[in-house]
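Enquirer: Predicted model follows, preceded by the sequence.
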Amino acid sequence: MDQHVDQHQQQLLRDRSTQLFGRLPAGVWAAPGRVNLIGEHTDYNDGFVMPFALAEQTLVAASPTADEHWTVHSSTIGDGETVSFGPDELVPGMAGWQAYVAGIVWALREAGHAVGGAELMISSTVPVGAGLSSSAALECAVLTALIDLYGLEIEPLDRAILARRCENEFVGAPTGLMDQAASTLCTGDHALFFDCRDYAHEQVPLELAAAGLELLVLDTRTPHAHVDGEYAARRRSCEEAAGILGVPALRDVDDLDAALQKLTDDTMRRRVRHVVTENERVLLARTVLSDGSRTPAERFAAVAPLLDASHASMRDDFEITVPTVDLAVETARRAGALGARMTGGGFGGCIIALVPAGTADSVAAAVATAFADAGFGAPAHFLGVPSDGARRLAA
Ligand code: ADP
Ligand code: MG
């Protein structure tokens with residue numbers, strides 16, 4: 001997001017906050033949504049992912065209060081909604097969107113941090129429920145605000161772990177660490193290589209502008225159907241396969257051919273092949289993108305086929321794509337994308353396409369036309385601009 005839009009969102013939020021709470025907020029904090037460049041369904045197999053933070057972000061204007069009470073307003077929900085809660089209400093399983101905020105207070109206190117009351121005003125440009133992780137953006141923005149307001153010392157990785165604890169244990173959504181790690185640890189113009197086993201991570205330079213490229217994010221707006229059941233089935237299949245192969249997780253398979261020979265079920269074989277080859281693709285993408293002996297354009301020329309291969313693997317082996325997603329990827333490629341893939345858990349959601357700079361709109365228009373011809377609803381799109389993770393904004 002350019003500085004101007006950022007300033008506008010922030011000013012609006014400051015004004016609203018001042019109006020509602022009757023004083024200027026002590027500060028404004030931001031945390032971004034994310035997309036995953038490559039590495040799908042590798043997280044729960046102890047593997048590798050490579051997300052980058054978007055310019056779309058959730059902002060929180062916040063002030064400390066003298067009592068142990070939290071009042072939160074979100075302008076993203078309906079026409080705007082104000083809720084408040086005290087310490088007695090910090091009980092896991094809380095209903096509603098406020099659980100993402102209360103859960104952060106709860107997780108901080110569970111970890112022994114002395115966090116007092118606050119007034120919080122929230123706005124967001126992260127589409128909610130589109131697989132771009134508006135939930136982590138909300139958690140990480142609120143967490144960063146409370147950490148600064150109360151002068152807490154928490155390392156960046158521990159912040160991500162704390163935000164995940166909110167989502168897993170308080171909200172009750174069984175997610176991995178990728179979303180919170182991306183929203184916390186990402187830096188502008190970089191992707192984040194993240195090892196989901198030991199949480200080792202590394203900034204991977206993208207330099208899209210120097211490569212003459214941009215990343216189109218296209219939301220197919222396909223209603224997700226059966227996602228939870230399908231997700232659970234994929235996860236189970238991977239765990240069963242690891243058990244048969246005698247490894248702690250599929251990440252530990254180092255001879256794919258030998259592993260495939262040991263498995264008798266064809267579906268399970270294809271699931272394993274996706275996870276193992278996807279991990280290889282993430283590692284290769286990291287190596288290529290970090291290779292200072294190649295120009296940025298040369299690096300992406302090598303990454304594009306990895307995106308294509310990742311998509312084919314999700315479509316044919318892991319079977320998590322749907323017709324809208326496949327059509328979007330194929331059309332983007334025909335319209336000039338160097339490479340394209342579905343991003344996110346699957347069964348709908350977004351694709352990303354690596355396109356020549358200045359062509360994102362025309363590639364998206366080609367997809368929109370193809371969707372109309374096929375009788376699909378209109379997709380939405382925006383530029384994926386690799387941006388900074390959670391931070392305090394200058395006034
Ligand atoms: P995703 O993270 O893919 O956008 P989730 O279902 O994980 O989808 O999280 C979406 C939920 O997070 C929303 O239903 C809402 O409860 C909460 N949420 C996200 N952003 C906001 C916001 N700006 N204001 C209030 N609630 C939000
Ligand atoms: Mg989420």
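Expert: Yep, that arrived. Ligands and ions are numbered 1, 2, ... in the order given.

Enquirer: drop to CA atoms for contacts and neighbour counts, all remaining ones
Expert: Noted.

Enquirer: can you give me the helices in the stretch 101-250 of the chain?
Expert: Counting by DSSP state H, counting those that start in this stretch, one finds helices in the stretch 101-250 of the chain at the ranges 134-149, 156-165, 178-185, 208-211, 227-245.

Enquirer: Can I get the helix ranked longest in the chain in PDB, CA atoms only?
Expert: Ranked by number of residues, the top helix in the chain under DSSP state H is helix 266-289. Written as PDB, here are the backbone C-alpha positions of helix 266-289 (Å, rounded to 0.1, in the frame of the first residue of the first chain):
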ATOM      1  CA  ASP A 266      -2.600 -44.800  -4.600                       C
ATOM      2  CA  THR A 267      -4.300 -41.800  -3.100                       C
ATOM      3  CA  MET A 268      -1.900 -41.800  -0.100                       C
ATOM      4  CA  ARG A 269       1.000 -42.100  -2.500                       C
ATOM      5  CA  ARG A 270      -0.100 -39.000  -4.300                       C
ATOM      6  CA  ARG A 271      -0.600 -37.100  -1.100                       C
ATOM      7  CA  VAL A 272       3.000 -38.000   0.000                       C
ATOM      8  CA  ARG A 273       4.400 -37.000  -3.400                       C
ATOM      9  CA  HIS A 274       2.800 -33.600  -3.100                       C
ATOM     10  CA  VAL A 275       4.200 -32.900   0.400                       C
ATOM     11  CA  VAL A 276       7.700 -34.100  -0.400                       C
ATOM     12  CA  THR A 277       8.000 -32.300  -3.800                       C
ATOM     13  CA  GLU A 278       6.400 -29.200  -2.400                       C
ATOM     14  CA  ASN A 279       9.000 -29.100   0.400                       C
ATOM     15  CA  GLU A 280      11.700 -29.500  -2.300                       C
ATOM     16  CA  ARG A 281      10.200 -26.600  -4.300                       C
ATOM     17  CA  VAL A 282      10.200 -24.300  -1.300                       C
ATOM     18  CA  LEU A 283      13.900 -25.100  -0.600                       C
ATOM     19  CA  LEU A 284      14.700 -24.600  -4.200                       C
ATOM     20  CA  ALA A 285      12.800 -21.300  -4.400                       C
ATOM     21  CA  ARG A 286      14.800 -20.100  -1.300                       C
ATOM     22  CA  THR A 287      18.100 -21.100  -2.900                       C
ATOM     23  CA  VAL A 288      17.300 -19.400  -6.200                       C
ATOM     24  CA  LEU A 289      15.900 -16.200  -4.700                       C
END
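
Enquirer: tell me the average confidence for the helix or strand just after that helix?
Expert: Downstream of helix 266-289, the first helix or strand assigned by DSSP states H and E is helix 296-312. Averaged over helix 296-312, pLDDT sits at 98.

Enquirer: Then stretch 147-164?
Expert: pLDDT averaged over stretch 147-164 gives 98.

Enquirer: give me the number of residues near residue 232?
Expert: When neighbours are defined as other CA atoms under 10 Å, residue 232 has 11 of them.

Enquirer: ok, it to residue 126 distance?
Expert: 26 Å (CA to CA, to the nearest Å).

Enquirer: Identify the residue spatially nearest to the closest residue to ligand 1 within the stretch 151-300 of the chain, adjacent ones excluded.
Expert: Scanning the stretch 151-300 of the chain for the residue nearest ligand 1 gives residue 173, at 7.7 Å (criterion: CA to the nearest ligand atom). Residue nearest to residue 173 in three dimensions, not counting chain neighbours: residue 167, with 5.6 Å by CA to CA, 6 or more residues apart in numbering.

Enquirer: What's the separation between the one you found and residue 102?
Expert: For residue 167 relative to residue 102 (CA to CA), the value is 10 Å.

Enquirer: can you check residue 128 too?
Expert: Where residue 102 is concerned, residue 128 sits at a distance of 18 Å (CA to CA).

Enquirer: higher neighbour count, these two?
Expert: Taking other CA under 10 Å, residue 128 and residue 102 do not tie; residue 102 has more neighbours (28 against 14).

Enquirer: Once you drop chain neighbours, what's closest to the more buried one?
Expert: Ranked by CA to CA, 6+ apart and with sequence neighbours excluded, the top spatial neighbour of residue 102 is residue 90, at 6.3 Å.
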